[in-house]
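K.L.:
Structure, please.
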Amino acid sequence: MMMKTRVLVAEDNIDHLELLSDALSEENEVMGTDSREGCMELLEKHSFDLVVLDYNLKKDFSGFDILREITLKYPYLPVIMVTAYGNEDLAVKVMKIGAKDYIRKTLDNNYIDRIVGNVRTLVQRKDRADYKKVKKNALSFLREHEDDFIDRWKESIHSSEERFDVSHDLRLSDELLRLCYRAFITDIEKDQLNETLAVFKKNIEQQEKKERLLIGFELLNMTFKEIVHSLLIKEFSNFFDFGSTLMEQINWIIDVNEIVLNKEYEKIIDDVVEEVKEQENFSARSDLILNLKSRLSDSLAVIEKKSREIAVNTGKAHEKTVSEIIGQVKKITSVIEAFENECASHLADDRNKRKKGKNRG
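P.N.:
Predicted structure coming up:
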């Protein structure tokens, strides 16, 4: 008889602890605790396959601190972080430390079904004795066919540009595509997301027109998965035996990338406003700032909403969501350019007035 998977649930809300334990007990052996001490003690005494950890676990010691401790002591133990008060920054932070998923609690308790499903997926990956070997072969194949992948990637991105009516001057260079590709492969191999995030952030920081690069990264991120799938399904006859697990890992990387890109959109707006604040005669241009915020607020709201939807949508729905996000980014780009021109015009007027004043003097 096959032994059940052993899951540790750390949750200080007794009602939620009971709901989670009951839902997970149908397929797993579940142990629960409501404290950090209880969590670490159970981990020392028993061998667990997975941990479901609440972020707000007691006021004096957060789940974030416990996640760090678990990652150091049990680096191969999957952890799902659950919270009622999280945000995008927290999601990125806990996943970079080592959490395999980040799930928001909902009032209707539908989040429990997602936890059960994700526990099942993570356990299946852990239980597959041959998964590491097959994954290694798949990554070796992808590395050997890097040039073919880059060509397909460019073609797919260009096709998306036509579909979403994106300007060709936003295209990424072959060198940057290759750098991103190798970063993706490294993150898949190590089951992390450090490399892709580092490449994205470094290039965004160095780019003067950041909003243009962000659209390129959106298309790159969206098309990566479909090309991996099309290449591997032709090469490996047993792809369906391991493919869902590999694609689930790729989805995780792509979803977190989307969160980071969304935060970069917000930074662009903040930077523009700060630049205007630094200009002389700021008070005379306060109406421009208010106008900018008003014109961009709806687009930012749509970007945030659609980025959240990407994490739970795939296929056509995913493509439609990305299309809507890109539409909003294009609108933001247009507003920013118009705003910059308007500010430049005001500055030119100010200079002319000062020159005339000096001449009169």
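K.L.:
Quick one: residues contacting the residue nearest the centre of the chain.
P.N.:
For the chain, the residue nearest the mean C-alpha position is residue 256 (1.5 Å; Cα atoms, centre = their mean). Counting by Cβ atoms under 8 Å, 6 or more residues apart in numbering, residue 256 touches 91-92, 95, 193, 197. For the C-beta atoms, the positions are set from N, CA and C on the backbone; glycine is no exception.
K.L.:
Next up, identify which helix or strand it is on.
P.N.:
Of the helices and strands defined by DSSP states H and E, residue 256 is found in helix 239-278.
K.L.:
Over to residue 107?
P.N.:
Using DSSP H and E, no helix or strand contains residue 107.
K.L.:
Now do the phi/psi pair for it.
P.N.:
When read as degrees, to the nearest 10, the backbone of residue 107 gives phi -60, psi -30.
K.L.:
okay, now it: neighbour count?
P.N.:
Counted by other Cβ atoms under 10 Å, the residues lying close to residue 107 total 7.
K.L.:
need the helices for the stretch 51-200 of the chain, in chain order.
P.N.:
Using DSSP state H, counting those that start in this stretch, the helices found in the stretch 51-200 of the chain span residues 63-73, 88-97, 111-127, 131-144, 146-164, 174-190, 194-206.
K.L.:
now the fourth one, how far from the chain's geometric center?
P.N.:
What separates the centre of helix 131-144 from the centre of its chain is 24 Å, taken as Cα atoms, centre = their mean, to the nearest Å.
K.L.:
Using PDB, write out every CA atom in it.
P.N.:
The C-alpha coordinates for helix 131-144 follow below in PDB (Å, rounded to 0.1, in the frame of the first residue of the first chain):
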ATOM      1  CA  TYR A 131      11.700  13.600 -13.100                       C
ATOM      2  CA  LYS A 132      15.200  15.100 -12.500                       C
ATOM      3  CA  LYS A 133      16.700  12.900 -15.100                       C
ATOM      4  CA  VAL A 134      14.100  13.700 -17.700                       C
ATOM      5  CA  LYS A 135      14.200  17.400 -16.900                       C
ATOM      6  CA  LYS A 136      18.000  17.300 -17.300                       C
ATOM      7  CA  ASN A 137      17.600  15.700 -20.700                       C
ATOM      8  CA  ALA A 138      15.000  18.300 -21.700                       C
ATOM      9  CA  LEU A 139      17.200  21.200 -20.600                       C
ATOM     10  CA  SER A 140      20.200  19.700 -22.500                       C
ATOM     11  CA  PHE A 141      18.100  19.500 -25.600                       C
ATOM     12  CA  LEU A 142      17.000  23.200 -25.200                       C
ATOM     13  CA  ARG A 143      20.600  24.300 -24.700                       C
ATOM     14  CA  GLU A 144      21.700  22.400 -27.800                       C
END
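K.L.:
That helix to helix 174-190, inter-axis angle?
P.N.:
Here the directions of helix 131-144 and helix 174-190 differ by 170 degrees (axes from the mean of the first three to the mean of the last three Cα atoms, to 10 degrees).
K.L.:
buried sites along helix 131-144?
P.N.:
131, 134-135, 138-139, 142 (16 or more other Cβ atoms under 10 Å).
K.L.:
how about these in JSON lines, adding pLDDT?
P.N.:
Shown next, in JSON lines, are the buried residues of helix 131-144 (pLDDT from 0 to 100):
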{"residue": "131", "pLDDT": "67"}
{"residue": "134", "pLDDT": "74"}
{"residue": "135", "pLDDT": "81"}
{"residue": "138", "pLDDT": "87"}
{"residue": "139", "pLDDT": "91"}
{"residue": "142", "pLDDT": "92"}
